[in-house]
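Engineer: this one's structure only:
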Ligand SMILES: NC(=O)c1ccc[n+]([C@@H]2O[C@H](COP(=O)([O-])OP(=O)(O)OC[C@H]3O[C@@H](n4cnc5c(N)ncnc54)[C@H](O)[C@@H]3O)[C@@H](O)[C@H]2O)c1
Ligand SMILES: O=c1ccn([C@@H]2O[C@H](COP(=O)(O)OP(=O)(O)O[C@H]3O[C@H](CO)[C@@H](O)[C@H](O)[C@H]3O)[C@@H](O)[C@H]2O)c(=O)[nH]1
């Protein structure tokens with residue numbers, strides 16, 4: 001077991017609905033501290049994999065955690081929701097909340113899961129909404145649950161709490177086990193006490209629980225992702241300006257991040273933020289603001305900058321090849337939206353490759369774990385997956401590095417200069433030292449990197465100081 005159940009807390013019976021990135025990590029981690037967890041999913045293929053000891057997703061450390069707790073009988077995978085809920089003290093809802101066409105979060109899966117719980121419950125329990133949901137969703141969950149209980153004439157009470165999740169993919173197990181905060185929104189002290197007891201093993205040295213009302217907890221999740229997205233978009237906008245004025249955004253990042261009020265984390269310019277959360281949650285927050293007649297000017301700009309940034313690498317390639325991308329072969333290193341995951345949801349690489357294929361280029365991709373997912377998303381017409389990073393470059397004109405996997409950090413540039421026909425490297429993550437790459441005989445472009453032009457001799461007239 002990872003962390004033992006602490007004094008004062010007892011092992012609980014839990015159900016987690018949704019065995020995806022969040023549900024699986026939540027279920028496995030809570031089982032690892034001694035709770036008995038039923039992970040419920042409606043996806044038969046996913047359950048088949050899990051029961052056979054295979055993970056449907058790549059997440060560092062999750063395989064051993066799942067194997068250990070499944071073997072100990074503390075973690076069970078099932079589609080039998082009534083059995084999972086039968087003796088549960090709490091049921092976590094961790095299903096998807098994808099974007100609707102208008103950008104709002106679709107809470108259909110959450111309400112469906114809540115209705116399913118209320119249809120099966122035979123005892124009092126706490127329904128904990130872990131999915132990212134717009135403010136007011138827990139109220140809707142309560143309505144659905146109460147209507148169903150009334151219809152059944154069921155003599156039990158289902159309370160509702162919000163407990164948004166803040167884990168990062170690729171770092172999910174560590175984030176869950178060593179959280180920087182655990183946000184809990186409740187309307188009842190007993191519910192807060194139950195969640196405090198459940199999270200006690202992760203709350204031993206510092207109090208990481210931040211307790212509040214339900215609506216504030218729901219909002220905290222969106223506010224956090226909005227902050228993160230804003231920081232990235234600001235950095236990306238600054239990077240584009242840096243490139244114009246021949247400053248180097250990497251030096252600027254080091255210089256600005258040194259101020260503790262700014263800090264170094266999440267300050268990397270790149271190909272625009274992707275993944276299953278930041279783009280979706282910014283869209284949902286904008287729609288929420290619209291619904292309530294509130295301004296979302298900054299959020300609108302954050303999103304607009306991100307959309308623009310996602311075309312940046314394509315534009316660089318198009319410029320380099322003077323608009324003639326048809327017939328070219330481009331190698332792409334990194335297909336996942338970030339390192340240490342196989343998730344390609346809203347990955348900038350998938351955008352870029354789609355554009356290249358539409359322009360008539362061929363793409364040879366490589367990713368340590370996301371190749372199969374990329375192939376499923378993009379098909380095989382003009383797109384292929386190489387066995388390793390070097391093989392992706394064989395016969396290619398140029399290389400684009402889209403994800404900062406560790407194995408891409410120090411390639412053999414002299415070898416690449418021999419392999420790449422147009423001898424060009426496009427670095428969407430600013431991994432490399434431009435001067436060194438150029439010294440190896442390669443054309444190099446990063447994001448917001450100085451071209452090394454000599455500074456203008458005289459200030460432009462408009463900037464003359466009187
Ligand atoms: N992925 C992340 O890093 C992350 C982090 C924090 C919060 N979130 C939020 O958590 C939620 C889940 O995200 P995810 O990435 O884990 O999603 P996911 O798509 O990986 O997993 C969702 C799972 O729920 C299952 N499901 C849906 N409806 C069901 C039902 N009625 N009964 C049983 N199973 C059902 C699906 O089959 C799927 O396996 C979303 O709201 C997301 O915004 C995600
Ligand atoms: O300095 C940075 C940091 C990140 N990114 C990009 O931003 C996206 C999101 O990265 P990250 O936030 O690390 O990944 P997620 O796993 O999507 O995690 C975010 O979304 C989750 C779901 O809501 C939250 O729980 C996490 O706290 C939040 O960081 C990726 O495309 C990154 O490449 C940058 O471009 N520059």
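Structural biologist: Looks like it came in fine. As the structure is a prediction and not an experimental result, all values here were calculated from the model. Ligands and ions are numbered 1, 2, ... in the order given.
Engineer: Please, which helix or strand holds the residue nearest the centre of the chain?
Structural biologist: Taking Cα atoms, centre = their mean, the centroid of the chain lies closest to residue 275, which sits 4.4 Å from it. Per DSSP states H and E: residue 275 is located in neither a helix nor a strand.
Engineer: ok, and the closest non-adjacent residue to it?
Structural biologist: Take residue 275 and drop its neighbours on the chain: the residue closest to it by Cβ to Cβ, 6 or more residues apart in numbering is residue 337, 4.4 Å away. For glycine as for every other residue, the C-beta is placed from the backbone atoms N, C-alpha and C.
Engineer: residues near the one you found, how many?
Structural biologist: Using other Cβ atoms under 10 Å, residue 337 has 28 other residues around it.
Engineer: got it, and the one 5 residues further on?
Structural biologist: Residue neighbour count, defined by other Cβ under 10 Å, stands at 22 for residue 342.
Engineer: doesn't residue 376 make contact with it?
Structural biologist: No: counting by Cβ atoms under 8 Å, residue 376 is not a contact partner of residue 342; they are 11.0 Å apart.
Engineer: Over to residue 400: give its phi and psi.
Structural biologist: Phi and psi for residue 400, reported as degrees, to the nearest 10, are phi -120, psi 130.
Engineer: ok, it - contacts?
Structural biologist: By Cβ atoms under 8 Å, 6 or more residues apart in numbering, residue 400 lies in contact with 313, 317, 330-333, 352, 425-428.
Engineer: TSV please, covering these and showing pLDDT and distance to ligand 2.
Structural biologist: Listed next are the contacts of residue 400 as TSV, based on pLDDT from 0 to 100; distance: Cβ to the nearest ligand atom, whole Å:
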residue	pLDDT	distance to ligand 2
313	98	13
317	98	19
330	98	20
331	98	19
332	98	15
333	98	14
352	98	13
425	98	19
426	98	16
427	98	13
428	98	9
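Engineer: how about those in JSON lines, adding distance to residue 403 and neighbour count?
Structural biologist: Formatted as JSON lines, the contacts of residue 400 follow (distance: Cβ to Cβ, whole Å; neighbours: other Cβ atoms under 10 Å):
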{"residue": "313", "distance to residue 403": "12", "neighbour count": "27"}
{"residue": "317", "distance to residue 403": "17", "neighbour count": "24"}
{"residue": "330", "distance to residue 403": "15", "neighbour count": "28"}
{"residue": "331", "distance to residue 403": "13", "neighbour count": "27"}
{"residue": "332", "distance to residue 403": "9", "neighbour count": "29"}
{"residue": "333", "distance to residue 403": "7", "neighbour count": "29"}
{"residue": "352", "distance to residue 403": "11", "neighbour count": "25"}
{"residue": "425", "distance to residue 403": "15", "neighbour count": "28"}
{"residue": "426", "distance to residue 403": "13", "neighbour count": "24"}
{"residue": "427", "distance to residue 403": "11", "neighbour count": "23"}
{"residue": "428", "distance to residue 403": "8", "neighbour count": "27"}
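Engineer: Among those residues, which lie within strands?
Structural biologist: 330-333, 425-427 (DSSP state E).
Engineer: Okay, angle between the helix or strand residue 372 falls within and strand 329-333 too, please.
Structural biologist: Taking DSSP H and E as the definition, residue 372 sits inside helix 371-378. Angle, helix 371-378 to strand 329-333, by axes from the mean of the first three to the mean of the last three Cα atoms, to 10 degrees: 130 degrees.
Engineer: I'd like to know which elements helix 371-378 is packed against.
Structural biologist: Packed against helix 371-378 by the contact rule (3 or more Cβ pairs under 8 Å, 6 or more residues apart in numbering; DSSP states H and E) you find helix 348-358, strand 383-385.
Engineer: which of these is buried the deepest?
Structural biologist: Comparing the helices and strands packed on helix 371-378 by mean neighbour count (mean count of other Cβ atoms under 10 Å), helix 348-358 ranks first with a mean of 21.
Engineer: Please work out the residue of the stretch 51-200 of the chain nearest to ligand 2 and name it.
Structural biologist: Nearest residue of the stretch 51-200 of the chain to ligand 2: residue 169, at 3.6 Å (Cβ to the nearest ligand atom).
Engineer: Now that residue: which helix or strand?
Structural biologist: Going by DSSP H and E, residue 169 is not in any helix or strand.
Engineer: Give me the distance between it and residue 275.
Structural biologist: With distances taken as Cβ to Cβ, to the nearest Å, residue 169 is found 7 Å from residue 275.
Engineer: residue of this structure with the smallest distance to ligand 2?
Structural biologist: At 2.9 Å from ligand 2, residue 277 is the closest residue in the chain, using Cβ to the nearest ligand atom.
Engineer: Next to ligand 1, which bits of the chain? Give me the list.
Structural biologist: Residues of the chain lying close to ligand 1 (Cβ under 6 Å from any ligand atom) are 17-23, 40-43, 46, 94-97, 109, 112-113, 116, 131-132, 165, 167, 169, 276-277.
Engineer: Let's see which of those end up in strands.
Structural biologist: Short answer: those in strands (DSSP E) are 17, 40.
Engineer: What subset of the residues of the chain next to ligand 1 is buried?
Structural biologist: With burial judged by 16 or more other Cβ atoms under 10 Å, the buried subset of these is 17-23, 40-42, 46, 94-97, 109, 113, 116, 131-132, 165, 167, 169, 276-277.
Engineer: near ligand 2, which residues of the chain show up?
Structural biologist: So the chain meets ligand 2 at 132, 165-169, 225, 228, 232, 266-268, 270, 273-275, 277-278, 281, 337-338 (Cβ under 6 Å from any ligand atom).
Engineer: buried set for the helix or strand that contains residue 175?
Structural biologist: Following DSSP H and E, one finds residue 175 within helix 172-177. Residues 172-173, 175-177 are the ones in helix 172-177 that count as buried (16+ other Cβ under 10 Å).
Engineer: do the same with stretch 243-253
Structural biologist: 243, 247-250, 252-253.
Engineer: Reformat the residues you listed as CSV; add pLDDT, secondary structure and distance to residue 288.
Structural biologist: Output for the buried residues of stretch 243-253, formatted as CSV (pLDDT from 0 to 100; DSSP: H, G, I helix; E, B strand; the rest coil; distance: Cβ to Cβ, whole Å):
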residue, pLDDT, secondary structure, distance to residue 288
243, 95, helix, 34
247, 97, coil, 37
248, 97, coil, 38
249, 98, helix, 32
250, 97, helix, 36
252, 97, helix, 33
253, 98, helix, 31
